[in-house]
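Participant: Build me a structure from this.
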Amino acid sequence: MFVLHIPSWYPDDSKPFTGNFIERHIEAIALKMPSVTLKVVETNQRTVTRTVEEVSPNNKVCTYYVTRKRSLLGRLFNKFLFGYYYIRGGQFIEQQFGKPSLLHLHVAFPRGSVAVQFKKKWKVPLLLTEHWSGYHARNYPLLPLKVKKELHKTWSHIDGITTVSEYLLNEIQERFPVSQSAIIYNVVDHHLFQPQPVSFPPIKLIHISTLDEDAKNFQGILEAVWEMRKKRNDFVLNVVSEFIKPQYEQWVVDHQLSDTVHFLGSKSSEEVAELLAQHHFLILYSNYENQPCVISEAFSCGKPVLSSNVGGIPEIISPDRGVIIAPQKTELLIAALEQFMDNFDRYNAENIREYAINHFSKEVIAEKFWQFYQKFTIFSHRDKKCRTQ
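Facilitator: Below you'll find the model as predicted:
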């Protein structure tokens, strides 16, 4: 008995952080249930067609590779190959491991059609875990009609859903009601993300995001820092992002903030953990979110968080773990920043970290997924013997 995972997003060589929260979910599930992940990815240099990686004894990843092509005809051919390799992948997995007991789709678009084909083939339950902000009321009307049609086709076959926040679940249920649902947070490796003593002064702020302006409102943070810099010079803001945004770097130069705002570029998970531990608090002032992993990672390091009151963020930030304020209100952010910088040392790092371990650790999330799986009749009392201890 095993679960077959179909992720719409998953890290690969060209995008090492894309969907890493899905990868962590699957790693957690594998603590309780044998898991096989099937994915097809584009690559610039194709050396093999298929690889099977054993992440752990209970967790295997089967990957098919499609050589990236630039021409229109080449892209159309690649689209065909994606579908073909998923079919071949399903056949290979059935030959190697047998028929899965359950299908677990991670994000409905664009791989939902693949999961639906497998459900029809094997006649097993299809569960979905969603992370996507496309369901938000502000975003869903803007989706292309083609995407909406694909979503509706996929959702007509979904037996149960989990989301990373209550906010996201409510947004989804407005459009795609599903009777079986659960809220299961993202995973944080609390062994990697640990507290450290932090030198003072200066006060060290850190921002970690994609710097996508529509979602993250990084310009709002820069403007607040600029105003704060007129009042005080006892702080720095370090920025971590895998994406280069020259317009922000130029804005910092133009506003003479080069000694205050530093762009550190892309960092590995280990480096992010080290950086979070070396700062006094995290700042995130998004226009919309679900449940940002970086907040729970900061908590695991014992760090408080200053953030906006959007999406699922209010569900995890309480007064003893940080401050949340209305989005797109630069004057509120400036006031909150000053208050935070004057009072960051009042937060109890041990309590913040304890909250993270109790809510986001791999073991806690694994148990929540296992309990959710029990809602489906495919799992009998006999199947529980497959749980790993």
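Participant: So the nearest residue in space to I29 that is not next to it in sequence: helix, strand or coil?
Facilitator: Spatial nearest neighbour of I29, chain neighbours left out: F369 (5.0 Å); criterion: Cβ to Cβ, 6 or more residues apart in numbering. (C-beta placed from N, C-alpha, C; glycine too.) Following DSSP: H, G, I helix; E, B strand; the rest coil, we place F369 in the helix state.
Participant: Contact partners for F369?
Facilitator: F369 sits next to H25, A28, I29, K32, M33, T162, I184 when contact means Cβ atoms under 8 Å, 6 or more residues apart in numbering.
Participant: how about a cut-off of 7 Å?
Facilitator: Residues counted as contacts of F369 (Cβ atoms under 7 Å, 6 or more residues apart in numbering) are A28, I29, K32, I184.
Participant: Put the buried members of those residues into a ChimeraX selection.
Facilitator: Per 16 or more other Cβ atoms under 10 Å, the buried members of the contacts of F369 correspond to this ChimeraX selection:
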select :28,29,32,184
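Participant: would JSON lines of the contacts of F369 with secondary structure, pLDDT and distance to E354 be doable?
Facilitator: Shown next, in JSON lines, are those (DSSP: H, G, I helix; E, B strand; the rest coil; pLDDT from 0 to 100; distance: Cβ to Cβ, whole Å):
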{"residue": "A28", "secondary structure": "helix", "pLDDT": "97", "distance to E354": "19"}
{"residue": "I29", "secondary structure": "helix", "pLDDT": "97", "distance to E354": "24"}
{"residue": "K32", "secondary structure": "coil", "pLDDT": "94", "distance to E354": "23"}
{"residue": "I184", "secondary structure": "coil", "pLDDT": "98", "distance to E354": "20"}
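Participant: and which of the contacts of F369 is nearest to V41?
Facilitator: For the contacts of F369, the residue nearest V41 by Cβ to Cβ is I29; the value is 20.9 Å.
Participant: contacting residues for the closest one?
Facilitator: By Cβ under 7 Å, 6+ apart, the contact list for I29 reads V3, S35, A366, F369.
Participant: Select from those every entry located in strands.
Facilitator: Counting by DSSP state E, the part of the contacts of I29 found in strands is V3, S35.
Participant: Let's have the contacts of I29 in CSV, adding pLDDT.
Facilitator: CSV is the format used below for the contacts of I29 (pLDDT from 0 to 100):
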residue, pLDDT
V3, 97
S35, 97
A366, 97
F369, 97
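Participant: and the contacts of I29, which two are the farthest apart?
Facilitator: V3 and A366 (12.0 Å).
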